[in-house]
Every structure is written in C-alpha cells, then in structure tokens.
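1. Just the structure for this:
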Amino acid sequence: MREISLHILDLAQNSLTAKASVLTIGIDIDHAKDTLTVTLSDDGCGMSPEFLKNVVSPFTTTRTTRKVGLGIPMFKANAELTGGSFDIKSEVNVGTAMKAIFVLSSIDRPPLGDLTGTMISLVISNPSFHFHLDYCVDGNAFDFDTEEISAALGGDVPLDNPDVVQWMKGYLNEGFESLHGGA
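-> Numbers count the residues shown, from 1 in each chain. Sure, this is the predicted structure:
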C-alpha cells in the first residue's frame with residue numbers, strides 16, 4: 001500500500017468481519033524518538049493461537065473468495081522495511097490488537113496519507129459502528145470518537161447524514177492541523 005491510511009482502511013475491514021463492536025485506532029508521531037506508531041485494537045471474535053501464528057503469511061486468510069490475504073503481511077513488511085517493528089496479539093472471543101512502529105525519517109516509510117478520508121469512509125460505510133481514533137503528535141493529542149458524536153446528536157441523526165459528514169470532515173481536518181502547526 002502506498003499510504004498508511006490505506007492500511008488502516010484495509011485492516012479496519014478485518015475488525016468489521018470479525019464482528020467487533022468497537023475499533024480503536026491509535027497514531028502516535030514522536031519526532032524525538034523518530035517513530036510513527038500505528039495501533040489497531042478491536043473486540044471482535046479474535047484468532048486461535050494456530051491461526052495467529054500464521055496470520056503474517058500472505059497465504060493465510062479467512063476469505064473464501066481468494067486464497068491470499070495481504071493486509072496484515074503488507075502492513076508488517078512496510079513497518080519492518082523502515083527499520084521498525086510489528087506485533088500482533090489476539091485471543092478468541094476477546095479481540096485482536098496490532099502495533100506497527102515505522103521509523104519516521106526512513107525514506108521507505110509510506111506517507112500517512114488521507115486519514116480524514118479514511119475515517120469518513122469507515123464511518124459512512126458503517127454508521128452504527130464505534131470507531132475511536134487517538135491521534136498524537138509529540139505528546140499533544142486529538143480524539144475522534146463516533147460514540148461521543150452520536151451521543152451529542154441525541155441518537156436521532158445518523159452519522160452518515162450529509163451535514164454530519166461535512167462537520168466530521170472539518171473536525172478531523174482541524175484536529176490534525178492543530179497538531180501539525182497548521183502545516
């Protein structure tokens with residue numbers, strides 16, 4: 001994948017398929033440590049120890065429409081290509097958590113990409129799902145939580161309502177810009 005946000009979009013689909021009710025996405029950019037850390041954790045069905053052992057192989061998938069699954073292996077490979085690392089933990093009936101650490105200054109690190117577009121796509125496609133994004137740059141944080149937005153709307157207005165979508169786009173863009181000094 002050419003952008004980290006596209007990895008997130010792809011891996012979020014795994015959580016939805018695993019019947020998760022909440023997906024927490026963490027992005028932590030730490031210039032002092034020269035790292036960009038991406039975490040995804042869900043409360044889905046989880047994986048058996050046997051399946052988990054092989055999940056980083058492109059020939060391990062739960063799909064019946066094809067015999068390869070490239071999402072997790074490519075995410076791992078891109079992190080390791082920068083000199084970073086990858087870890088995944090999962091427990092049946094509990095959920096799955098993965099963490100990829102990219103070396104921020106590596107020439108091989110894909111750009112973060114359109115994170116606003118990724119989050120909006122996820123919400124529009126799954127308006128009743130609980131997405132929680134923790135975005136942090138050098139210790140300063142921005143939070144996006146669809147459950148909080150739904151509660152503020154009183155539960156009467158769906159998150160895929162065009163006016164709500166426009167507001168969320170602005171909110172996400174403003175939040176990201178505030179942590180990057182408007183750049």
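2. C-alpha from now on. contacts and neighbour counts both.
-> Fine.
3. Who are the packing partners of the worst-scoring helix or strand of the chain on mean pLDDT?
-> Of all helical and strand segments in the chain, the minimum by mean pLDDT, DSSP states H and E falls on helix 49-54, at a mean of 80. With contacts defined as 3 or more CA pairs under 8 Å, 6 or more residues apart in numbering; DSSP states H and E, the packing partners of helix 49-54 are strand 85-91.
4. how long is stretch 147-162 from one end to the other?
-> End-to-end span of stretch 147-162 (CA to CA, to the nearest Å): 18 Å.
5. Flag every buried residue along that stretch.
-> E147, I149, S150, P158, L159, D160 (16 or more other CA atoms under 10 Å).
6. does the first one count as helix, strand or coil?
-> Using DSSP: H, G, I helix; E, B strand; the rest coil, the three-state assignment for E147 comes out as helix.
7. same check, this time on M74
-> helix.
8. Just give me the neighbour total for it.
-> Number of residues near M74 (other CA atoms under 10 Å) recorded here: 16.
9. try G139
-> Residue neighbour count, defined by other CA under 10 Å, stands at 11 for G139.
10. got it, and P127?
-> Around P127 sit 17 other residues, with neighbours defined as other CA under 10 Å.
11. need the contact list for it.
-> Remark: with contacts taken as CA atoms under 8 Å, 6 or more residues apart in numbering, P127 is in contact with P158, L159, D160.
12. Cheers, nothing more for now.
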